[in-house]
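A.B. asks: Prediction below, plus the sequence it came from.
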Amino acid sequence: MERTGPGLPEGMEALSRQASALREALERSEENTQGMVAALGSFDSRVSAIEASIRPAQVRTQAITMAHENIDRTIENAEAILAQFDIVSRAEVVILRGPHENLKIFLEAVDLLKGVVNFFSLNKNFKSCEGVLNQVNNLLTKSALKIEEEFRQLMGTYSKPIEPNHLFDCLLKHLMVSRRDSEAVGEQPSKSFETAIHPTLIPSGILPLLHDIACQLVQDGNQQSCYRIYRDARGSALELSLRNLGIEKLSKDDVERMQRVALQVNIGTWTQCMQITVKVLLAGERKICNQIFDGITFNKEQCFAELAKGSVMTLLSFGDTVARSKRSHENLFILLEMYGVMHELQSEVEVIFQGKFCSEMREAALNLTKSLAQVAQEILVDFEDAVVKDSSKTNMQNGTVHPFTFEVIKYVKSLLDYQSTLKILFQQSETGSETESQLAVVIMKIMQALQNNLNGKSKQYKDPALSHIFLMNNLHYMVTSVRRSQAKDILGDDWIQRHRKIVQQNANQYKRVAWARASILQTLTIQATGGTGSSAPSDVSSSGVSRSMIKERFKSFNAQFEELHAIQSQWTIPDQELRDNLRLAVAEVFLPAYRSFINRFGNLVQREKNPHKHIKHSPEALEQLLGQFFQGQQVGEQKH
């Protein structure tokens with residue numbers, strides 16, 4: 001190892017020098033640090049002295065700044081308060097003027113006043129707060145009264161009854177639209193309820209105003225006032241509209257004392273009013289009620305129910321009174337007409353009277369429909385029983401169609417005019433059979449009851465021949481009436497053919513009783529006794545019959561025929577075809593026998609001085625006299 005100093009190697013010497021230098025540097029650094037600490041201590045003392053000297057100036061500056069900020073805030077508050085005063089002043093002019101001129105500006109003024117109330121409610125420390133709030137609240141109270149009065153005036157002005165002619169026109173259009181839609185889509189008219197044509201209950205331009213006013217009333221807490229004003233105005237208009245149509249409240253006694261024609265007129269009015277009320281007026285009332293109170297927290301369902309209830313219950317009460325009045329067979333068709341209308345309206349009633357508030361009206365309408373159906377069915381049963389038990393003593397001396405037959409057949413024809421309604425009625429009843437067969441059963445029972453009754457009436461005749469004429473006439477009228485009416489489709493061809501046979505059976509019975517078994521034909525029948533040849537006396541025929549016998553036979557024949565002619569020419573067969581056919585049938589039996597008698601024995605009396613005394617009628621004359629049989633009073637009877 002190389003050495004560089006006395007006793008030290010060269011490397012160690014260098015390291016020693018570096019250590020000495022580092023020691024010196026540290027000593028200098030410490031001296032600097034102490035100097036810096038001393039300097040900083042001196043600076044801090046000077047700064048503290050400076051701060052102490054300027055602190056009063058800072059305090060004054062901060063105070064001035066805060067004062068300026070307070071002044072600015074005061075100015076801002078003053079300006080805000082002045083702005084509120086200005087708002088109140090401007091709004092007051094509008095409020096005092098009222099909403100009639102410009103509802104929009106009036107409602108904006110109300111909103112501004114509410115903003116003022118809100119402003120002072122949030123800034124209750126202002127000295128003027130209480131006074132301004134009192135003024136604003138007074139203005140808001142006035143505005144509420146004015147807006148309520150405006151609603152009352154508008155509802156009163158635009159809630160007028162609709163003229164009857166206009167209502168009938170609307171109903172006609174509604175029915176046309178419903179029928180067209182039904183034919184187009186194969187649905188019932190009630191499906192097109194939304195397309196119903198309504199009258200203008202309130203002009204469309206007024207509806208938005210009423211909506212805005214109603215909204216303001218509810219917001220102001222005047223919901224009850226809004227409710228009463230709307231209900232009373234619209235309810236009164238509805239009632240007056242129906243009163244103008246002729247609807248009045250009648251008691252059960254009023255209905256029962258009413259003449260049939262007057263009752264029919266009232267029922268006709270009622271059925272039209274029911275349709276107008278449901279399809280036109282109430283549908284329209286629903287529509288405007290929904291529009292006016294759209295989006296408003298308001299019990300419009302209850303309001304609609306109350307405005308409609310009085311008028312609706314008056315209508316339904318009349319229908320119920322008719323259903324509960326004294327029953328008569330004639331009233332059946334009135335009840336069927338009423339039932340048909342109520343059933344037709346049923347789906348619309350459920351739509352218009354939906355909800356709990358309308359439940360009373362909905363149930364009343366449903367109960368009336370059921371009541372009408374029940375009473376109608378009971379009258380049908382009563383009528384059948386009445387036909388069976390009819391014991392009228394009217395005896396048709398000429399054997400023509402009995403008035404009772406005309407009455408029953410007319411009743412059946414009238415029933416068939418209501419067959420669509422009857423099918424619905426039977427469908428509603430709790431039976432398992434098909435509705436068409438039920439109607440057929442009812443008609444068949446009535447017809448059978450009539451036939452049985454006629455059989456009983458025929459026994460009143462002492463002359464059995466006239467009894468058969470009576471049955472033939474009445475049954476033929478029944479068959480003809482059925483064949484020429486809708487009853488043919490109900491009773492069927494089998495019924496017609498079966499009863500035609502019964503008619504023919506009575507015709508045959510008449511011929512047998514009146515002619516085949518009558519002694520008049522026996523006078524024309526002589527058994528030959530055997531010829532006497534050329535030596536026979538001149539007053540004896542070749543068959544051995546004497547002139548005196550022939551004279552006696554002609555005398556008997558003439559007397560009997562004249563008696564038959566006198567009687568049976570007064571009998572009546574109203575139907576010309578039936579009359580001609582029966583005359584022909586008689587002639588086919590009678591005339592050949594008469595001609596044969598004259599040909600065989602006429603020569604015995606023709607050689608007499610006065611042969612016409614015995615042979616009063618030629619076959620041709622006799623045929624003409626037969627043509628006078630059954631003439632009676634058929635001209636008058638045919639009018640039935």
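C.D. replies: Cool, the structure landed.

A.B. asks: Which parts of the chain belong to which domain?
C.D. replies: What the TED database lists as the domains of the chain is 37-158, 164-175+199-385, 399-426+438-505, 519-525+546-627.

A.B. asks: Save those domains as CSV, and put in mean pLDDT and distance to Arg512 too.
C.D. replies: For every residue, glycine as well, the C-beta is placed using N, CA and C. Shown next, in CSV, are those (pLDDT from 0 to 100; distance: least, CB to CB, whole Å):
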stretch, mean pLDDT, distance to Arg512
domain 37-158, 70, 84
domain 164-175+199-385, 91, 34
domain 399-426+438-505, 92, 9
domain 519-525+546-627, 86, 10
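
A.B. asks: Quick check: which of these is nearest to Lys393?
C.D. replies: Nearest to Lys393 among these is domain 399-426+438-505; the distance by CB to CB comes to 8.4 Å.

A.B. asks: Run through the helices of the stretch 101-250 of the chain in chain order.
C.D. replies: Under the criterion DSSP state H, counting those that start in this stretch, the stretch 101-250 of the chain contains helices at 103-122, 129-158, 164-185, 207-219, 223-245.

A.B. asks: ok, back up a step: of the domains of the chain, which is nearest Val513?
C.D. replies: domain 399-426+438-505 (4.6 Å).

A.B. asks: Mind giving me the packing neighbours of the helix or strand harbouring Tyr594?
C.D. replies: Secondary structure assignment for Tyr594, by DSSP states H and E: helix 576-606. If you count contacts as 3 or more CB pairs under 8 Å, 6 or more residues apart in numbering; DSSP states H and E, helix 576-606 packs onto helix 464-483, helix 487-511, helix 519-523, helix 547-568, helix 619-626.

A.B. asks: now with 7 Å?
C.D. replies: helix 487-511, helix 547-568, helix 619-626 (3 or more CB pairs under 7 Å, 6 or more residues apart in numbering; DSSP states H and E).

A.B. asks: ok so, going back, mind putting the helices of the stretch 101-250 of the chain in a markdown table, mean neighbour count included?
C.D. replies: What follows is the helices of the stretch 101-250 of the chain, written out as a markdown table (neighbours: other CB atoms under 10 Å):
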| stretch | mean neighbour count |
| --- | --- |
| helix 103-122 | 16 |
| helix 129-158 | 17 |
| helix 164-185 | 15 |
| helix 207-219 | 19 |
| helix 223-245 | 19 |
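
A.B. asks: Save the ones you listed as a markdown table, and put in distance to Lys457 too.
C.D. replies: Formatted as a markdown table, the helices of the stretch 101-250 of the chain follow (distance: least, CB to CB, whole Å):
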| stretch | distance to Lys457 |
| --- | --- |
| helix 103-122 | 81 |
| helix 129-158 | 67 |
| helix 164-185 | 46 |
| helix 207-219 | 70 |
| helix 223-245 | 47 |
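
A.B. asks: quick one: contacts for Ile424?
C.D. replies: Each residue near Ile424 by CB atoms under 7 Å, 6 or more residues apart in numbering is listed here: His343.

A.B. asks: if I've got this straight, it is in a helix?
C.D. replies: Yes - membership of Ile424 in a helix is supported by DSSP: H, G, I helix; E, B strand; the rest coil.

A.B. asks: related to what we said a few turns ago, for the helices and strands packed on helix 576-606, which one sits closest to Asn138?
C.D. replies: helix 487-511 (79.7 Å).

A.B. asks: Now stretch 506-521: buried residues?
C.D. replies: 506-507, 509-511, 513-515, 518, 520-521 (16 or more other CB atoms under 10 Å).

A.B. asks: one step back: any chance of a markdown table for the domains of the chain, columns distance to Ser392?
C.D. replies: Output for the domains of the chain, formatted as a markdown table (distance: least, CB to CB, whole Å):
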| stretch | distance to Ser392 |
| --- | --- |
| domain 37-158 | 62 |
| domain 164-175+199-385 | 14 |
| domain 399-426+438-505 | 6 |
| domain 519-525+546-627 | 19 |
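
A.B. asks: Which of these sits closest to Glu24?
C.D. replies: domain 37-158 (20.7 Å).

A.B. asks: Out of the buried residues of stretch 506-521, which comes closest to Asn299?
C.D. replies: For the buried residues of stretch 506-521, the nearest to Asn299 is Asn506 (73.9 Å; CB to CB).

A.B. asks: Find the nearest non-adjacent residue to the closest one, please.
C.D. replies: In space, and not counting its chain neighbours, Asn506 is closest to Met472: 3.9 Å by CB to CB, 6 or more residues apart in numbering.

A.B. asks: now swap in Leu416 and tell me
C.D. replies: Nearest one to Leu416, counting by CB to CB, 6+ apart, is Gln486 at 4.3 Å.

A.B. asks: That neighbour and Leu415 touch, don't they?
C.D. replies: No - using CB atoms under 7 Å as the test, Gln486 is too far from Leu415 to be in contact (9.5 Å).

A.B. asks: So those two - more neighbours on which side?
C.D. replies: Leu415 (23 against 15; other CB atoms under 10 Å).

A.B. asks: Next up, the contacts around that one.
C.D. replies: Neighbours of Leu415 in contact, by CB under 7 Å, 6+ apart: Leu422.

A.B. asks: Compute the distance between it and Phe404, please.
C.D. replies: 16 Å (CB to CB, to the nearest Å).

A.B. asks: which residues in the stretch 351-500 of the chain form helices?
C.D. replies: 359-389, 403-417, 419-428, 435-458, 464-483, 487-511.

A.B. asks: deepest of those, which one?
C.D. replies: Among those, judged by mean count of other CB atoms under 10 Å, the one packed with the most neighbours on average is helix 464-483 (a mean of 23).

A.B. asks: How far off centre is that helix?
C.D. replies: Relative to its chain's centre, helix 464-483 lies at 43 Å (CA atoms, centre = their mean, to the nearest Å).

A.B. asks: by contact count, what packs against it?
C.D. replies: helix 403-417, helix 435-458, helix 487-511.

A.B. asks: could I get those as a markdown table with distance to Ile288?
C.D. replies: Shown next, in a markdown table, are the helices and strands packed on helix 464-483 (distance: least, CB to CB, whole Å):
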| stretch | distance to Ile288 |
| --- | --- |
| helix 403-417 | 39 |
| helix 435-458 | 40 |
| helix 487-511 | 47 |
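
A.B. asks: Mind telling me what element the spatially closest residue to Tyr227 that is not a sequence neighbour is part of?
C.D. replies: Closest residue in space to Tyr227, ignoring its immediate chain neighbours: Cys303 at 5.6 Å, by CB to CB, 6+ apart. Element membership for Cys303, per DSSP H and E: helix 300-324.

A.B. asks: the inter-axis angle of that helix versus helix 207-219?
C.D. replies: 110 degrees (axes from the mean of the first three to the mean of the last three CA atoms, to 10 degrees).

A.B. asks: buried stuff in helix 300-324?
C.D. replies: Result for helix 300-324 [16+ other CB under 10 Å]: buried residues 300-301, 303-309, 311-316, 318-323.
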